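Undergrad: predicted model and sequence follow; I will ask about them next.
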Amino acid sequence: MIKVTRLNNIEMVVNAEKIQSVQATPDTLITFTNRDRLMVKEPVEELSKRIMDYRRMVFQNHASAADVLRQFPEVLH
């Protein structure tokens, strides 16, 4: 999961595993594997970094789903 900011300043977390592509249009557009789209404030470079950090944490540390969710307690409420 990675945190993003919608254009209306509402923060949310999205499943990084379901992201198909990220592009600047000039706002940043996330396209998910189910073809849903989301415009966010973060630049493409920042999202790429967050996705890589997430994947590094999951694959190098063998983090469990519980470990990932602990980093985003707001998702649990």
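TA: Ah, there it is.
Undergrad: would you map the helices across this structure?
TA: 44-61, 65-70 (DSSP state H).
Undergrad: can you flag the weakest of the ones you listed by average pLDDT?
TA: When these are compared by mean pLDDT, helix 65-70 comes last with a mean of 66.
Undergrad: still on that earlier bit, ranking the helices of the chain by burial, who's on top?
TA: The highest average neighbour count among these, using mean count of other Cβ atoms under 10 Å, belongs to helix 44-61 at a mean of 14. Any C-beta I mention is one placed from the backbone N, CA and C, and that applies to glycine too.
Undergrad: other SSEs contacting that one?
TA: strand 2-5, strand 19-24, strand 28-32, helix 65-70 (3 or more Cβ pairs under 8 Å, 6 or more residues apart in numbering; DSSP states H and E).
Undergrad: least reliable of these going by mean pLDDT?
TA: Looking at the helices and strands packed on helix 44-61, the bottom one is helix 65-70 with a mean of 66.
Undergrad: any buried residues in stretch 22-40, and which?
TA: 22, 28, 30, 38, 40 (16 or more other Cβ atoms under 10 Å).
Undergrad: beta-bridge partners for the last one, please?
TA: With DSSP bridges as the criterion, V40 is bridged to R6, T28.
Undergrad: got a list of what it touches?
TA: Neighbouring residues of V40 by Cβ atoms under 8 Å, 6 or more residues apart in numbering: 4-7, 27-28, 30, 47.
Undergrad: again, 10 Å this time
TA: If you count contacts by Cβ atoms under 10 Å, 6 or more residues apart in numbering, V40 has them with 3-7, 11-12, 14, 22, 27-30, 46-47.
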